[in-house]
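**Q** Build me a model:
(chains A and B)
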Amino acid sequence: MIALPSIAFGGFSGSAKGVTARQVGGRSILSVRSWPTGQTTTAQVVRRASMSKITKSYKTLTAAQMQAWENLAQHCSGASVFGQKAELSGINLYVRLNANRVMAGEAIVADAPLGQVAVPNVEYSTVSVTPQLIVFAGIKHESSPYKLVVKMSGSQSAGISNGWSKTVIISSEVEDDWGEADVTKLYLKTIGVEPTPGQKVFIEAYWLDTTTGFTGQVFKDSVIVTGESSYTPRKRVTMDRLLPDHEQHVSSIDVDFSSGAPVVQFDVMCEGHSNVASSEAYLEQDLPEELRGTSWALGRGNGEDGKIVAQSYVMWLYGAYYSTPARITFAHRGGYYVKPTEVFGPGIIY
Amino acid sequence: MNFNSTGNNFGAGQIAFKSHQEENFVVLNAKFTYNPESPEYQAADVLEIYVPDLSIDRSAIAGVFLRFRDVRDSYGYTWDNSGGTVLKSWVKDKNTLCIEKLTNFDEKGEITIYVLALYTMLARGGNPIKGTQTRLQTTSENNYLRWGYDSFFVEFEHWVFLHMMYSGCTYAYRDSAWECSLDNLPSGITADVPFCGGGNQYNPSVDGMSEAHIENGVLTCQTRTAGFDDTGHEPFIFAFLVRDVEE
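**A** Residues are numbered from 1 along each chain as shown, chains lettered A, B, ... in the order given. Predicted coordinates:
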């Protein structure tokens, strides 16, 4: 017969079967050993290895550095900086903060932060999950040193109400692009299969302060996977929206029609072609009528000869016409023509 | 709305701005100088201008103009090889306007920056609003100053986009102080504007850059850089200009 450990046994510590008892700060803690429910991912293996390395590195700290971690840990105890209340030792805090830093691509720090840091909470307006598109929209942007950590689960039964234990980190450095974060590729890379319509995906998200390793409150969400996305991405022309197998005269392009202002935003590297002072980008899809017109923007030479000449460019935004696909022509106007030239900034449109 | 900067990180003094501010974009006009030898400038990675609350809390990249002066005397002639280029600029947050730091011309001494830019936000849930292009009508004495087909403006209630392409000047006036009436330019525009273009023999990485002034519908330009009429370096003006009208 096995005597189950109990908190009544003050000072008890050790493991019996799947239960472990330990003493932390005068409290008896019992924990049931958990077993992984899925296959271990590469990211998990890497993270465990880094945790081990960080833990070992604690021994290399000076006594003063260790004391500083202990002091800070006392202030963090019971606080909700990690989204849960817990007693923390100096080494606990050292490992947690440095593990967060390493996850975000930063180096291990030996010195404890001077104090706790208030990290913003995650705010977004919608998340749309379909087999083809997983996108967060309306994210309240936070600048460096904050990085958004997103954890998601694979598809779960729609009847499950608490499945956040199934989430895994799909990225520790999601960058929103004007409030929009398309994590489709990251999700598929981590989870391995597309979400299933009608099932539920659990989400956890929080901001990570990469300087200190502190994190904000974990924002928990869940969403039913739909077959079609109700979310409409903003109107842009990017490299992946150019016509494949068609001659193009730009090496990078981002033309953004989402300002709601009297301008189109350009960020284009015009390579030019033949003996004509212009570049054409041919589009895979037609350009809607409301986006066609004429626009003007500034350019700056980006030539290997070091020319950084200021120029003006006119852009003609054409729709498809018979066999000619929709296209944007970047035609040089003012200043000395340089190949290549970066055309950037807002362009008035009429 | 006019306002003054509250500080900067590159040793310039207080900077006066004209602005028109909306929920999703701002138009800012300013002209200021800095000394590349100042320790503040040398310590800065990005030039930051601190301003009172703007209506937007960040922006996409816009372009501002950098101009250096390079005037040389040779055999009794004065050669103005002043020049410049475009710098990237953006609103970092409600109180910080950033300008890319370009050190290529630091040895030229005092640098002038012209902010004649529109800073827009993105993902605002709407298409761009199309304006109306109006061909610019100009008048100069005996038509000595001529402008190209691509000289036009797009008018809004509180601001104007202006693009001018220089076409030619009667030989007898080439070294005069130029004055040209911009007959149908909307009212309320007063600004120093960089006149980009023209070859720059001594600074071949850039074109020349002169300065023009617009006030009361008249464009004046006292002097031009030495290669102003060089073929293939077409001088132009590109500016988002705030109008002096009641907000």
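**Q** Pop the domain breakdown of chain B in here.
**A** Domain ranges of chain B: B:2-120, B:133-242, per automatic domain parsing.
**Q** residues contacting the closest residue to A:Glu289 other than its chain neighbours?
**A** Once flanking residues are discounted, A:Glu289 sits nearest to A:Gly319: 6.7 Å by Cβ to Cβ, 6 or more residues apart in numbering or on different chains. Glycine gets a C-beta too; all of them are placed from N, C-alpha and C. Neighbour list for A:Gly319: A:Asp286, A:Leu287, A:Pro288, A:Glu289, A:Arg292, A:Ala326 [criterion: Cβ atoms under 8 Å, 6 or more residues apart in numbering or on different chains].
**Q** Next up, the contacts around the fifth one.
**A** Translated: A:Arg292. Listed by Cβ under 8 Å, 6+ apart, the contact partners of A:Arg292 are A:Leu317, A:Tyr318, A:Gly319.
**Q** rerun at 6 Å
**A** Residues near A:Arg292 by Cβ atoms under 6 Å, 6 or more residues apart in numbering or on different chains: A:Leu317, A:Gly319.
**Q** can you check A:Lys307 too?
**A** Taking Cβ under 6 Å, 6+ apart, we find A:Lys307 in contact with A:Gly301, A:Val338, B:Ser205.
**Q** Quick check: the second one vs A:Ile308, distance?
**A** This points to A:Val338. According to Cβ to Cβ, to the nearest Å, A:Val338 stands 8 Å off from A:Ile308.
**Q** ok, now the last one?
**A** With distances defined as Cβ to Cβ, the gap from B:Ser205 to A:Ile308 amounts to 6 Å.
**Q** okay, the two: which has more neighbours?
**A** Between B:Ser205 and A:Ile308, counted using other Cβ atoms under 10 Å in any protein chain shown, A:Ile308 has the larger neighbour count: 21 against 17.
**Q** what about the more buried one, is that helix, strand or coil?
**A** Assigned with DSSP: H, G, I helix; E, B strand; the rest coil, A:Ile308 falls in the coil class.
**Q** Got the phi and psi for it?
**A** phi -120, psi 50 (degrees, to the nearest 10).
**Q** got a list of what residue 131 touches?
**A** This is for chain A. A:Pro131 touches A:Glu194, A:Pro195, counting by Cβ under 6 Å, 6+ apart.
**Q** my bad, the chain I had in mind was chain B
**A** By Cβ under 6 Å, 6+ apart, the residues touching B:Gly131 are A:Pro262, A:Tyr350, B:Val154.
**Q** The same query, at a cut-off of 10 Å, please.
**A** Residues in contact with B:Gly131, defined by Cβ atoms under 10 Å, 6 or more residues apart in numbering or on different chains, are A:Pro262, A:Val263, A:Gly293, A:Ile348, A:Ile349, A:Tyr350, B:Phe153, B:Val154, B:Glu155, B:Phe156, B:Val160, B:Phe161.
**Q** Could you find the closest non-adjacent residue to it?
**A** Nearest one to B:Gly131, counting by Cβ to Cβ, 6+ apart, is B:Val154 at 4.0 Å.
**Q** Next, count neighbours for the residue in chain B positioned nearest to chain A.
**A** Distances between chain B and chain A by Cβ to the nearest Cβ are smallest at B:Phe236, namely 2.7 Å. Neighbourhood size, B:Phe236 [other Cβ under 10 Å]: 24.
**Q** What residues are bridge-paired with it?
**A** Counting by DSSP bridges, B:Phe236 forms beta bridges with B:Met165, B:Cys196.
**Q** Quick check: pLDDT value at it.
**A** We have a pLDDT of 98 for B:Phe236.
**Q** what residues are up against it?
**A** A:298, A:310-312, A:333-335, B:148, B:150-151, B:163-166, B:194-197, B:207.
**Q** go on, B:Leu145?
**A** Neighbours of B:Leu145 in contact, by Cβ under 10 Å, 6+ apart: B:138-139, B:166-170, B:173, B:176, B:178-181, B:219, B:221.
**Q** need the strands for the stretch 1-150 of chain A, in chain order.
**A** Secondary structure of the stretch 1-150 of chain A (DSSP state E, counting those that start in this stretch): strands at A:14-16, A:19-24, A:27-32, A:126-129, A:134-137, A:146-152.
**Q** between those, which one is nearest to chain B?
**A** Closest to chain B of the strands of the stretch 1-150 of chain A is strand A:134-137 (Cβ to the nearest Cβ; 8.4 Å).
**Q** helices or strands up against the closest one?
**A** Other helices and strands packing on strand A:134-137, by 3 or more Cβ pairs under 10 Å, 6 or more residues apart in numbering or on different chains; DSSP states H and E, are strand A:126-129, strand A:146-152, strand A:181-182, helix A:184-191, strand A:200-209.
**Q** Quick check: beta-bridge partners of the residue lying closest to B:Arg67 once chain neighbours are set aside?
**A** Excluding the flanking residues, the one nearest B:Arg67 by Cβ to Cβ, 6+ apart is B:Gly84, at 3.8 Å. Here B:Gly84 sits in beta bridges with B:Arg67, B:Asp207, going by DSSP bridges.
**Q** Surely B:Gly84 is in contact with B:Met209?
**A** Yes: B:Gly84 is in contact with B:Met209 according to Cβ atoms under 10 Å; the separation is 3.8 Å.
**Q** Find the residues that touch each one of those two.
**A** Going by Cβ under 10 Å, 6+ apart, residues that sit against B:Gly84 and also against B:Met209 are A:310, B:65-69, B:112, B:114, B:194, B:196, B:200, B:203, B:225.
**Q** Ranking by neighbours, what's the top pick from these?
**A** B:Cys196 (32 neighbours).
**Q** thinking again about what came up before, between B:Gly84 and B:Met209, which one's more packed in?
**A** It is B:Gly84, of B:Gly84 and B:Met209, that has more neighbours when counted by other Cβ under 10 Å, with 31 against 28.
**Q** what residues does stretch A:173-180 touch?
**A** For stretch A:173-180, the external contacting residues (Cβ under 10 Å, 6+ apart) are A:103-105, A:123-125, A:135-142, A:144, A:147-150, A:181-183, A:186, A:205, A:208, A:210, A:231, A:233-234, A:236, A:254, A:256, A:258, A:265, B:58, B:60, B:121-124.
**Q** on that earlier part again, restricted to buried residues, select the contacts of A:Gly319 in ChimeraX.
**A** Written as a ChimeraX command, the selection of buried residues from the contacts of A:Gly319, which uses 16 or more other Cβ atoms under 10 Å in any protein chain shown, is:
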select /A:287,292,326
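**Q** tell me the two of the contacts of A:Gly319 that are most distant?
**A** Taking Cβ to Cβ as the measure, the contacts of A:Gly319 span a maximum distance of 10.9 Å, between A:Glu289 and A:Ala326.
**Q** Pull the number of nearby residues for residue 143.
**A** In the absence of a named chain, this looks at chain A. For A:Ser143, the count of nearby residues is 8 (other Cβ under 10 Å).
**Q** hmm, I had chain B in mind actually
**A** A total of 10 residues lie near B:Asn143 under the criterion other Cβ under 10 Å.
**Q** Tell me who's in contact with the residue nearest to B:Arg67.
**A** The neighbours of B:Gly84, taking Cβ under 10 Å, 6+ apart as the test, are A:308-310, B:65-69, B:102, B:105, B:108, B:111-114, B:194, B:196, B:200, B:203, B:206-211, B:225.
**Q** Likewise for B:Asp150?
**A** B:Asp150 sits next to A:296, A:312, A:314, A:331, A:333-334, B:135-136, B:163-165, B:167, B:234, B:236 when contact means Cβ under 10 Å, 6+ apart.
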